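A.B. asks: Can you look at this prediction? I've put the sequence above it.
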Amino acid sequence: MTTSKDPTYIQTFDFAGKNITLEDTEAMSDDEQENFIEFKAGDKLPEIKVMDDSGDDPARGEWGNKLDFLFSCISVSVGLGNVWRFPYLCYKNGGGAFLIVYFIAMTFCGIPIFFQEVAMGQYLGSGGMTLVSQLCPMLKGVGIATMVVVFFLDIYYCVIIAWTFFYLFSTFSTLPDLPWDTCDGWWNTDDCFRPTDNMTANDILLSKYEMHNVTKKGITSLVRKTTTPVEEFWDHRVLQKNGGLEYGLGTVQWELVGCLLIAWVCVYLIIAKGLHSSGKIVWFTALFPYFVMFILLFRALTLEGAIDGLAYYVHVDWSKLLDGTTWIDGATQIFFAYSVGMGALPALGSYNKFHHDCFKDAIITCIVNTLTCLLAGVLVFSILGYMAHIQETTIHEVVNSGPGLVFLTYPDLVLSLPGSVVWATIFFVMLLVLGVDSEFCNVEALVTGIVDNWPDQLLKHRRKFTVCLCAFLFCLGIPLVTNGGIFMFQLMDFYSCSGMALLWVCFFQTVAIGWVFGAQRFCDCVEQMTGHKPNLFWYLCWKYFAPMVMFTVFVFYILSYTAVTYGNDYKYPKWAEYMGLCMSFSSMIWVPGYAIYYLATQPGTLMQNLREGFTPNIKRMQTLAKPPPLHVSESGVGLLRDNSEYEMGNLRRDDSFNI
């Protein structure tokens, strides 16, 4: 190609399989072509960015400061799993026995694996889907299984936010009263009983209700069948639930569909620009709930009967420790609450600078998370004690809520506060903050995992992909806001995102890091990033304790398996139980399935494929040493070294090239 002035020479170079075209007024010599790229001094140079030893990737984005990462970890791990799920499972499994399992899992699994995920995400600069595949190519199915678990979680987690929106809007529907403080609504039944603070008056009112024979655990007793306005508002107004899945899903609750749509719009608006741009948002979302919870805690502890609820909270029913469900609920709750095994933590860590000290952040987050769970437990069980005192029943019999315990206890608490409408508004805004906070982090984990796996196709269209994904997840959530939706919700919560599936994913991920990659090598990686080597306790947890605890709980649960129930009495039909198991297997199957696929499709022999499948393939390890200074001459810039990694324009981190 020529011009009216000087000839222009076009040179095309191959950078990581991408053709880069450069123009110059002089042809390159043979030596220049073999050794370096040279640009004339004073000419406009193409943007060449040399990656420093941190391996930071501007195209991927990073946190504005260190506190953004800490508060994001707190936000993603402290959420509805603490305030909604922990008290419900603790109540379901008898209080103290559940706490014992919870603390065992926290010590040997929860905290070590939380730190492990954050650190590996920071070290590799990748999300949950590609993390394990770089450590053990044959176990890439773990990353796929993680994304399946998160996919299910994102579907039903947003339904909780929809319920919260419904309650928030309902708060203003019957001003100056609250709609769950009456037995005169169209949704109420003849069994509705609105207690007062006058126990004598309550006794007179209760005497008007008929006695019913109730059989539990083979023992029949005569009791008065009453339900509170709070419980009836939840069952017959919000859910409008039917008798069970054997009656079908029923009709769609269009009010809840609208709330679900609003929830997904909120989630998308926060994550639209990428999680690293949401750092300032999580400051508020991480701190505001504690302000509300401490105020509610003060009131809850002063209620009559609260001490009885707290006694139930810490009382150990030793027979519960022989129940496999208690162990699987307690062990997986720590993973659920910490967001372990769901891809969110590696995604958060991947936005860190390489030398960020994530150990301190991980410990702080885990402590805050556990204290939040315990705080929520104190709140809920204090309210349960009060409700049992007013209804003159036992704490075990006071509600039959299933996963809706938080929507019974907290609304009941605000009724006892002056200015109940204001406090109800504040409480449900708090729940929204917790729910949206956790949901957008989980959706971001799913988006990051998928985009990292297909960067060439999706990275440039990340926003469009996020819109389509949110719309798709919204559509899949609609069956959960039908008359029978709460029963489907319970199935998904137990089978798809906790229980066997979550334990399975966490086990193989821990094995991949602790045994294939090597616990000692991982300790060296941590030392390289933070300057501090983990002590013997962490090494033993990553190598032995965590896998052993998870394997033992998994086997014990399989041997003592019992199907999930809704509340205290509803048993799912067999086909629904099998559907739940299929949800579990839909994620679990990817681990052995991909391993077989890998061995069958690789070109080598079986033994060669096995060796390669268990050999780490980490691209970032090529960039650990700080590159020496560039050779700069008066005539231009020469890139003369081997084994160095650069970026031109917006090439991705793994599009490295050697010269």
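C.D. replies: Received the coordinates, thanks.
A.B. asks: low pLDDT regions in the stretch 151-300 of the chain?
C.D. replies: Within the stretch 151-300 of the chain, the segments meeting pLDDT under 70 span 196-224, 273-283, 285-286.
A.B. asks: where along it do the strands fall?
C.D. replies: All strands of the stretch 151-300 of the chain, identified by DSSP state E, counting those that start in this stretch, fall at 211-216, 219-224.
A.B. asks: Distance of F614 relative to V422?
C.D. replies: 60 Å (CB to CB, to the nearest Å). In short, each C-beta sits where N, CA and C put it, glycine included.
A.B. asks: So which of those two has more stuff around it?
C.D. replies: F614 (16 against 12; other CB atoms under 10 Å).
A.B. asks: Could you tell me which residues make contact with that one?
C.D. replies: Counting by CB atoms under 8 Å, 6 or more residues apart in numbering, F614 touches C136, M138, V516.
A.B. asks: Next: P547.
C.D. replies: Listed by CB under 8 Å, 6+ apart, the contact set of P547 reads F507, T510, V511, G514, W515.
A.B. asks: got it, and G244?
C.D. replies: G484, F487, Y566, Y570, Y572, P573.
A.B. asks: before we move on, back to that, tell me the one among the contacts of F614 nearest to D181.
C.D. replies: Ranked by distance to D181 (CB to CB), the contacts of F614 are led by C136 at 56.4 Å.
A.B. asks: pretty sure that closest one is touching A512, no?
C.D. replies: Yes. Look at C136 against A512 with CB atoms under 8 Å: they come within range, at 4.4 Å.
A.B. asks: per-residue pLDDT, the closest residue to P592 other than its chain neighbours?
C.D. replies: Leaving aside its sequence neighbours, P592 sits nearest to G141 (CB to CB, 6 or more residues apart in numbering; 7.2 Å). At G141, the model reports a pLDDT of 91.
A.B. asks: burial count for G141?
C.D. replies: Neighbours of G141 (other CB under 10 Å): 25.
A.B. asks: Low-confidence stretches in the chain?
C.D. replies: Across the chain, the ranges flagged by pLDDT under 70 are 1-66, 68-69, 72, 75-77, 127-129, 196-224, 273-283, 285-286, 400-402, 619-659.
A.B. asks: Strands along that one, start to end?
C.D. replies: 9-15, 18-24, 48-50, 211-216, 219-224, 565-566, 570-571, 631-633, 636-638, 646-648 (DSSP state E).
A.B. asks: What spatial separation is found between D323 and A512?
C.D. replies: 31 Å.
A.B. asks: what about those two, which has more around it?
C.D. replies: Taking other CB under 10 Å, D323 and A512 do not tie; A512 has more neighbours (24 against 18).
A.B. asks: Quick one: residues contacting the more buried one.
C.D. replies: V132, L135, C136, L139, V142.
A.B. asks: Please apply the same query to M106.
C.D. replies: Neighbours of M106 in contact, by CB under 8 Å, 6+ apart: I334, C366, T370.
A.B. asks: Can you tell me which of those is closest to L503?
C.D. replies: Using CB to CB, those come closest to L503 at I334, 10.6 Å.
A.B. asks: Quick check: that closest one touching I104?
C.D. replies: No. At 9.0 Å, I334 and I104 do not qualify as touching, with contact defined as CB under 8 Å.
A.B. asks: between these two, who's got more neighbours?
C.D. replies: Per other CB under 10 Å, whichever of I334 and I104 has more neighbours is I334, with 29 against 17.
A.B. asks: Would you mind giving the contacts of G244 as TSV with distance to F440 and neighbour count added?
C.D. replies: Listed next are the contacts of G244 as TSV, based on distance: CB to CB, whole Å; neighbours: other CB atoms under 10 Å:
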residue	distance to F440	neighbour count
G484	28	22
F487	27	25
Y566	29	21
Y570	33	15
Y572	31	21
P573	35	13
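A.B. asks: give me phi/psi at the most centrally placed residue in the chain?
C.D. replies: When CA atoms, centre = their mean is applied to the chain, the residue found nearest the centroid is S339 (4.1 Å). Taking degrees, to the nearest 10, you get phi 60, psi 30 for the backbone angles of S339.
A.B. asks: what's the answer for the one 3 residues further on, then?
C.D. replies: Here is the backbone geometry of M342 (degrees, to the nearest 10): phi -120, psi 10.
A.B. asks: give me the number of residues near it?
C.D. replies: 29.
A.B. asks: State the distance from the residue lying closest to it once chain neighbours are set aside to F474.
C.D. replies: Nearest residue to M342 in three dimensions, chain neighbours excluded: V150, at 5.0 Å (CB to CB, 6+ apart). Note on V150: its distance to F474, by CB to CB, is 16 Å.
A.B. asks: Next: N82.
C.D. replies: N82 is 25 Å from F474, by CB to CB.
A.B. asks: And for V511?
C.D. replies: 36 Å.
A.B. asks: One more: I262?
C.D. replies: Distance from I262 to F474, counting by CB to CB: 10 Å.
A.B. asks: Quick check on those two: which one has the bigger neighbour count.
C.D. replies: F474 (20 against 15).
A.B. asks: hang on, that one packs against V265?
C.D. replies: No. Contact criterion CB under 8 Å: F474 and V265 do not qualify, at 9.1 Å.
A.B. asks: Ramachandran coordinates for T615?
C.D. replies: According to degrees, to the nearest 10, T615 has phi -100, psi 120.
A.B. asks: residues near it, how many?
C.D. replies: Counted with other CB under 10 Å, T615 comes out at 13.
A.B. asks: My understanding was that it contacts P137; is that so?
C.D. replies: Yes. If you go by CB under 8 Å, T615 and P137 touch, sitting 7.4 Å apart.
A.B. asks: Give me the common contacts of the two.
C.D. replies: Shared contacts of T615 and P137, defined by CB under 8 Å, 6+ apart, are absent.
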